[in-house]
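# Turn this into a structure:
(one chain, ligands or ions: 1)
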Amino acid sequence: MRQMKLGLFLAPGGHHMAAWRHPDAYPYGFSINAYISVAQICERGCFDMLFVADVFSTTREGGRQDSFRFEPMTLLSALAMTTKHIGLVATATTSFNEPYNVARKFSSLDHLSGGRAGWNIVTSSSTLEAYNFGREDHRELSDRYRRAHEFVEIVRGLWDSWEDDALLIDKESGFFFDASKMHMLNHDGPQFSVRGPLTLPRSPQGHPVLVQAGSSEDGKNLASQFAEVIFTIQRELPAAQAFYADIKRRAVSFGREPETALVMPGVMPVVGRTRQEALNKYEQLQALIHPDAGVKGLSRTLGIDLSGVDVDGPLPPIDVAKLSQSRAVGMVETARRDNLTVRQVYERLLVSKGHRQLIGSFTDVADSLQEWFEASGADGFNVMPAMMPTGLSDFVDLVVPELQRRGLFRKSYTGSMLRDHLGLPKPSAIGGAC
Ligand SMILES: Cc1cc2nc3c(=O)[nH]c(=O)nc-3n(C[C@H](O)[C@H](O)[C@H](O)COP(=O)(O)O)c2cc1C
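Below you'll find the model as predicted:
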């Protein structure tokens, strides 16, 4: 029986924009212990993976909880040592990195976690990031994706630098490795020139799992060609089904098996033993939203300055065609369709970064996940607990057993690598030119 995949989208204080202000939220700090305990709760719930997002910039918005963040590979290296099963997925941008560095870091994480690494490929959307890399502006979206395509091809080629049995460590013969099983990449393309090989043997998974989350045409093409997990932001089932079908169709057009491109929409659950309990928890969080944080956060997401607008009036005119982020486009379109005020946009949509909110009893939440899963709207879910750590433990202790009872989710891990959890094949080592 097909079973759903579950990942945690890690946000130390929780994904609800005001959750960090709640008295029960993790005292936000840079203690590794909080992260370790979150990862271990996920393993208790047999989650497939946990995901650490990343951007190379921050703002002066004092109300933001996600202004500070660990460098993801450093964090995941620490978590690799304190967990046994869970997949460890991190963002690395193709816009402000070099392919050789990225290939090496993820291969290292795959080796030292015993085959649990995954790379979330992003092209970065904020100009603020460009300022930290000697640039005045960010490249155009299509340019970014062109670079990303070549970047990913190179990283995959570098991961195939060595055949699986290249390492001999033969003390008798004196051969540490078999040089005939080494492949130079010799990539010479429009954006990069990379000779190879990588300074690491092929990693346990062959290739760390590739993840992607763009929803523009270019983003979907990159995802369908390469990504094995696709994160997305659908809030309504018909849109999710259309996105799902579109990704699978594109993946097939790239010669892939559709089940190797797993679509995982994000969902922000607020779970109670009863529906009323969940609603109470949600209302407590909503009451903590500071209007200033709402307006500033919305300004940033939509790329326009909303300071001074009437929060109880409509959004000012916005040219959707100029918005590069699908997250922003979705918010503006929903606001227009439902005649939302500025306050309603941040209270209803921004509050979960545009992601679907699931507020209800554990059976309500399980019903909804099951519906999307069985109606070809999702292969699984990127779980974004509104508050941490209680939102995660509610999900693990209430919703997961319900999904298990229905046969929709595993009761224990059956493999050791992320590819095993996700049911993905190990790519064969093709090797570049010798
Ligand atoms: C669940 C999820 C996680 C994301 N994580 C990151 C991230 O860590 N860093 C980043 O720069 N962008 C992140 N993004 C943004 C997308 O990767 C993408 O850059 C953005 O949606 C713009 O591309 P698009 O216009 O193709 O959608 C994320 C998006 C989603 C839905």
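# Tell me where this structure has strands.
All strands of the chain, identified by DSSP state E, fall at 5-9, 49-52, 87-93, 117-122, 167-170, 175-177, 187-188, 193-194, 209-212, 229-232, 262-272, 356-361, 380-383.
# I'd like those as JSON lines, with mean pLDDT and mean neighbour count appended.
The C-beta positions use only the backbone N, C-alpha and C, and glycine is treated the same way. What follows is those, written out as JSON lines (pLDDT from 0 to 100; neighbours: other CB atoms under 10 Å):
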{"stretch": "strand 5-9", "mean pLDDT": "98", "mean neighbour count": "25"}
{"stretch": "strand 49-52", "mean pLDDT": "98", "mean neighbour count": "26"}
{"stretch": "strand 87-93", "mean pLDDT": "98", "mean neighbour count": "25"}
{"stretch": "strand 117-122", "mean pLDDT": "98", "mean neighbour count": "25"}
{"stretch": "strand 167-170", "mean pLDDT": "96", "mean neighbour count": "12"}
{"stretch": "strand 175-177", "mean pLDDT": "97", "mean neighbour count": "13"}
{"stretch": "strand 187-188", "mean pLDDT": "98", "mean neighbour count": "14"}
{"stretch": "strand 193-194", "mean pLDDT": "98", "mean neighbour count": "16"}
{"stretch": "strand 209-212", "mean pLDDT": "98", "mean neighbour count": "27"}
{"stretch": "strand 229-232", "mean pLDDT": "97", "mean neighbour count": "27"}
{"stretch": "strand 262-272", "mean pLDDT": "98", "mean neighbour count": "26"}
{"stretch": "strand 356-361", "mean pLDDT": "98", "mean neighbour count": "21"}
{"stretch": "strand 380-383", "mean pLDDT": "98", "mean neighbour count": "26"}
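# Tabulate those strands in a markdown table, adding columns for distance to the ligand.
Listed next are these as a markdown table, based on distance: least, CB to the nearest ligand atom, whole Å:
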| stretch | distance to the ligand |
| --- | --- |
| strand 5-9 | 6 |
| strand 49-52 | 7 |
| strand 87-93 | 3 |
| strand 117-122 | 4 |
| strand 167-170 | 33 |
| strand 175-177 | 35 |
| strand 187-188 | 24 |
| strand 193-194 | 23 |
| strand 209-212 | 7 |
| strand 229-232 | 4 |
| strand 262-272 | 5 |
| strand 356-361 | 11 |
| strand 380-383 | 6 |
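# Mind checking those strands for the one nearest to residue 398?
strand 262-272 (5.5 Å; CB to CB).
# Next to the ligand, which bits of this protein? Give me the list.
9, 53-55, 91, 93, 122-125, 213-216, 219, 231-233, 266, 324-327, 382 (CB under 6 Å from any ligand atom).
# quick one: buried residues of stretch 120-140?
If you call a residue buried by 16 or more other CB atoms under 10 Å, then stretch 120-140 has these buried ones: 120, 121, 122, 123, 124, 125, 126, 129, 130, 138.
# cool, and stretch 243-250?
243, 244, 247, 248, 250.
# same check, this time on stretch 285-304
Buried, per 16+ other CB under 10 Å, within stretch 285-304: 285, 288-289, 293-302, 304.
# Ok, stretch 98-110 next?
Neighbour-count burial for stretch 98-110 [16+ other CB under 10 Å]: 99, 100, 102, 103, 104, 105, 106, 107, 108, 109, 110.
# so which of those residues comes closest to the ligand?
Nearest to the ligand among the buried residues of stretch 98-110, counting by CB to the nearest ligand atom, is residue 102 at 13.7 Å.
# what residues are up against that closest one?
Going by CB atoms under 8 Å, 6 or more residues apart in numbering, residue 102 touches 92, 94, 119, 151, 155.
# end-to-end on stretch 179-188?
23 Å (CA to CA, to the nearest Å).
# from here on, count from 9
Sure, I'll start numbering at 9, so the last one becomes stretch 187-196.
# shaky segments in the stretch 309-442 of the chain?
Scanning the stretch 309-442 of the chain with the threshold set as pLDDT under 70 gives 332, 438-442.
# Return the nearest residue of it with respect to the ligand.
Counting by CB to the nearest ligand atom, the stretch 309-442 of the chain gets nearest the ligand through residue 334, at 3.7 Å.
# how many other residues sit next to that residue?
Counted by other CB atoms under 10 Å, the residues lying close to residue 334 total 19.
# what does residue 436 give?
Neighbour number of residue 436 under other CB under 10 Å is 10.
# Skip the chain neighbours and tell me the closest residue to it.
Distances taken as CB to CB, 6 or more residues apart in numbering put residue 214 closest to residue 436, at 7.4 Å, once the chain neighbours are dropped.
# What is the neighbour count of the one you found?
19.
# OK, contacts around it?
Counting by CB under 8 Å, 6+ apart, residue 214 has contacts 167, 168, 172, 434, 435, 436, 437.
# just to revisit the earlier point, tell me the one among the buried residues of stretch 106-118 nearest to residue 340.
The nearest one, if we look at the buried residues of stretch 106-118 relative to residue 340 and count by CB to CB, is residue 110, at 32.7 Å.
# Okay, that closest one and residue 12: tell me how far apart.
29 Å (CB to CB, to the nearest Å).
# same question, residue 398
23 Å.
# low-scoring stretches of the stretch 59-208 of the chain, by residue?
Using pLDDT under 70, nothing in the stretch 59-208 of the chain is flagged.
# which stretches of it form helices?
Secondary structure of the stretch 59-208 of the chain, counting by DSSP state H, counting those that start in this stretch: helices at 80-88, 107-120, 135-139, 149-167.
# correct me, but residue 292 touches residue 32?
No. The pair residue 292 / residue 32 is not scored as a contact, 9.4 Å apart, by CB atoms under 8 Å.
# Tell me which of the two has more neighbours.
Taking other CB under 10 Å, residue 292 and residue 32 do not tie; residue 292 has more neighbours (17 against 13).
# Skipping adjacent residues, who's closest to that one in space?
Nearest one to residue 292, counting by CB to CB, 6+ apart, is residue 30 at 6.8 Å.
# What confidence value was assigned to the one you found?
At residue 30, the model reports a pLDDT of 94.
# show me what contacts it?
Taking CB under 8 Å, 6+ apart as the test, what residue 30 contacts is 22, 292, 293, 296, 395.
# Relative to residue 395, how far out is it?
6 Å.
# what residues do those two have in common as contacts?
Common neighbours of residue 30 and residue 395 (CB under 8 Å, 6+ apart) are 22, 293.
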